[in-house]
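**Q** take this sequence and fold it.
(2 chains)
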Protein chains: 2
Amino acid sequence: MGKVRRRAQGNPGHVVFIGAGPGAADLITVRGARWLARADVVLFDALTDPELRTLAPQAQWLDVGKRGFSNSSNSADQAAISALLVQQAQQHALVVRLKGGDPSVFGRLEEELQALSRHGITCEVVPGVTAALAAAACTQRPLTRRGAGRSASLCTAMTQMHTLQAGHHADTEVFYMAGRQLGLLGRKLLAAAWPADTAVNVVSRAGWPDALSSDHLLADLAAAALVHAGRPTVVVVGVGASALGTAAGHRPHQHPTRLAVESARQAIPLPRP
Amino acid sequence: MGKVRRRAQGNPGHVVFIGAGPGAADLITVRGARWLARADVVLFDALTDPELRTLAPQAQWLDVGKRGFSNSSNSADQAAISALLVQQAQQHALVVRLKGGDPSVFGRLEEELQALSRHGITCEVVPGVTAALAAAACTQRPLTRRGAGRSASLCTAMTQMHTLQAGHHADTEVFYMAGRQLGLLGRKLLAAAWPADTAVNVVSRAGWPDALSSDHLLADLAAAALVHAGRPTVVVVGVGASALGTAAGHRPHQHPTRLAVESARQAIPLPRP
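**A** Here you go, the predicted model:
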């Protein structure tokens, strides 16, 4: 850990963006935890684990996930968060901006980095575990498989225009923020030439003690909606969703994936470490 | 942390796969560090930070990255690692398998999970920060950008047949293990219809204090080879490689990415937190 310049009169503080990981507080990195222990102020989103507060009891915690800074794609909300971040950095030596998952993946990091840059405020980014990695860990289904899966794409099906798009780009595709439109996502994937019996694994609250995982065939993806209703959800499609050993030797880019995975439908609670 | 069953006579132990993160020891998760503190044996690869040993001074540390368990794609080496893992789990209550980055991304996790399953050995996976996330953090260039980049693909250009392939699948593509063939990767990407002036960011030893980053246009990618020679390297191509603000509004899947990013060529040492 380097030295943080004490805020002299007129000198702004330093901002550290930290990926809190997708769930339970113990999925934050050691580096992130150490920065938190020194923070004067922490700006946090709704999704992060309240237990993270015990890592920075000395800090002032500001909830920017609440109303007025909602999780909608309202850019005015994002501008308000950026303005608050700048304001706090002008008043405190060390400001932590805590984000769920990893800041560089669907974390709207660019807007906040630009705001700090415009005001000459220094910052750094501590990476975190993004939801796709936590999902693969808790289901024990690696996103890449030797001889079968050389690429894993982290994507959102939701465009800025609030339409849903999906394609067939990588051997494994992991969709973020698709929990509310699983039926539509399934239809879009079928339309993008994924075979109806492609393995799909849906994981909600990955990384938490109450994580749920369910297996589906692509044609039955809509059935997952009830299981995972109201929970942060990632959808793993293709090689990385298949049971161990069943994808070996297949090369989905050359041959459409046809995997003999049973549609389990019921959810499997995962053990807490 | 749950209870680990003590190994009764004939009962195998429990294996925990842990992603150590891509570099410095403090990028491991708190959960991973806690498991390490309880390990009887740790099987580790060559790339992980020696400082991680201080997290498990009580454990026996077995280097499976050395000769005989090389990092080549030799499947006999992988079989030997899996066999050793099974053997250790039959002799100890808690065996940690420590992997660089995240176990589910290019970690050859499937083979080891299958070996444990065949022997009825229980296990779990603790996710880690994969190199792409650490690269984005240290260059402060988010992999996704609102309105410009909805997908980031983590891929290896090297096939199992030791030929190099590259495509144009996601808005941002991050290539792992491509450091030795940057010129060839550049030519393959041009052949896959990425424009010659596509932004490419090459980062070596992401997450370490001596991380290096260099900016290139795709046509000049070969120039990065000298800068990053002999260092673990990731190559970020497309929206996620572009400077802040320059990718907004572009939609590379509809329109080829044409970014006005200067080719910096010289390496920029990144500050240690």
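**Q** strands of the stretch 1-150 of chain A, start to end?
**A** Under the criterion DSSP state E, counting those that start in this stretch, the stretch 1-150 of chain A contains strands at A:14-19, A:41-44, A:60-63, A:94-99, A:123-126.
**Q** list the buried ones in the last one?
**A** Translated: strand A:123-126. For strand A:123-126, the neighbour count (16 or more other Cβ atoms under 10 Å in any protein chain shown) marks A:123, A:124, A:125, A:126 as buried. Where C-beta positions appear, they are placed from N, C-alpha and C, glycine not excepted.
**Q** just for chain A, where's the confidence low?
**A** Within chain A, the segments meeting pLDDT under 70 span A:1-10, A:47-48, A:66-76, A:159-163, A:248-273.
**Q** which residues of chain A fall in helices?
**A** With DSSP state H, the ranges of helices along chain A come out as A:30-36, A:75-91, A:109-118, A:131-139, A:182-191, A:224-227.
**Q** can I get these in CSV with mean neighbour count and distance to residue B:206?
**A** Putting the helices of chain A into CSV (neighbours: other Cβ atoms under 10 Å in any protein chain shown; distance: least, Cβ to Cβ, whole Å) gives the following:
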stretch, mean neighbour count, distance to residue B:206
helix A:30-36, 23, 13
helix A:75-91, 17, 25
helix A:109-118, 20, 16
helix A:131-139, 30, 16
helix A:182-191, 20, 32
helix A:224-227, 18, 35
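**Q** columns distance to residue B:218 on top of these, output as TSV?
**A** TSV is the format used below for these (distance: least, Cβ to Cβ, whole Å):
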stretch	distance to residue B:218
helix A:30-36	32
helix A:75-91	31
helix A:109-118	21
helix A:131-139	26
helix A:182-191	30
helix A:224-227	39
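**Q** make a markdown table out of those and add distance to chain B.
**A** A markdown table is the format used below for the helices of chain A (distance: least, Cβ to the nearest Cβ, whole Å):
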| stretch | distance to chain B |
| --- | --- |
| helix A:30-36 | 4 |
| helix A:75-91 | 8 |
| helix A:109-118 | 4 |
| helix A:131-139 | 4 |
| helix A:182-191 | 13 |
| helix A:224-227 | 21 |
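**Q** select, out of those, the one closest to residue B:212.
**A** Residue B:212 lies closest to helix A:30-36 among those, at 19.2 Å (Cβ to Cβ).
**Q** render the CA-only coordinates of the closest one in PDB, please.
**A** Only the C-alpha atoms of helix A:30-36 are listed here, as PDB (Å, rounded to 0.1, in the frame of the first residue of the first chain):
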ATOM      1  CA  VAL A  30      -7.200  -8.400   0.500                       C
ATOM      2  CA  ARG A  31      -6.000  -5.200  -1.200                       C
ATOM      3  CA  GLY A  32      -9.600  -3.900  -1.300                       C
ATOM      4  CA  ALA A  33     -10.100  -4.800   2.400                       C
ATOM      5  CA  ARG A  34      -6.900  -2.900   3.300                       C
ATOM      6  CA  TRP A  35      -7.900   0.200   1.500                       C
ATOM      7  CA  LEU A  36     -11.300   0.100   3.100                       C
END
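**Q** name the helices or strands packed onto it?
**A** With contacts defined as 3 or more Cβ pairs under 8 Å, 6 or more residues apart in numbering or on different chains; DSSP states H and E, the packing partners of helix A:30-36 are strand A:14-19, strand A:94-99, strand A:123-126, helix B:30-36.
**Q** adding distance to residue A:228, write the ones you listed out as TSV.
**A** Listed next are the helices and strands packed on helix A:30-36 as TSV, based on distance: least, Cβ to Cβ, whole Å:
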stretch	distance to residue A:228
strand A:14-19	23
strand A:94-99	22
strand A:123-126	29
helix B:30-36	23
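**Q** the closest residue to residue A:216 other than its chain neighbours: neighbouring residues, count only.
**A** Spatial nearest neighbour of residue A:216, chain neighbours left out: residue A:200 (4.6 Å); criterion: Cβ to Cβ, 6 or more residues apart in numbering or on different chains. Neighbourhood size, residue A:200 [other Cβ atoms under 10 Å in any protein chain shown]: 30.
**Q** does residue A:200 touch residue A:218 like I think?
**A** Yes. Here residue A:200 reaches residue A:218: they are 5.3 Å apart, a contact under Cβ atoms under 8 Å.
**Q** shared neighbours of those two, which are they?
**A** Counting by Cβ atoms under 8 Å, 6 or more residues apart in numbering or on different chains, the common neighbours of residue A:200 and residue A:218 are A:186, A:237.
**Q** rewinding a little: tell me which of the strands of the stretch 1-150 of chain A lies nearest to residue A:169.
**A** Closest of the strands of the stretch 1-150 of chain A to residue A:169 is strand A:14-19, at 24.3 Å (criterion: Cβ to Cβ).
**Q** other SSEs contacting the closest one?
**A** Packing partners of strand A:14-19 (3+ Cβ pairs under 8 Å, 6+ apart): helix A:30-36, helix A:75-91, strand A:94-99, helix A:109-118, strand A:123-126, helix B:131-139.
**Q** alpha carbons only: can I get it in CSV?
**A** Provided in CSV are the C-alpha atoms of strand A:14-19 (Å, rounded to 0.1, in the frame of the first residue of the first chain):
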residue,chain,number,x,y,z
HIS,A,14,-7.4,10.3,-3.6
VAL,A,15,-10.2,8.0,-4.8
VAL,A,16,-9.9,4.2,-4.8
PHE,A,17,-12.5,2.3,-6.8
ILE,A,18,-12.8,-1.2,-5.3
GLY,A,19,-14.6,-4.2,-6.7
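**Q** can you give the strand pairings for it, parallel or anti for each?
**A** strand A:94-99 (parallel), strand A:123-126 (parallel) (DSSP bridges).
**Q** having no further points to raise, I will conclude here.
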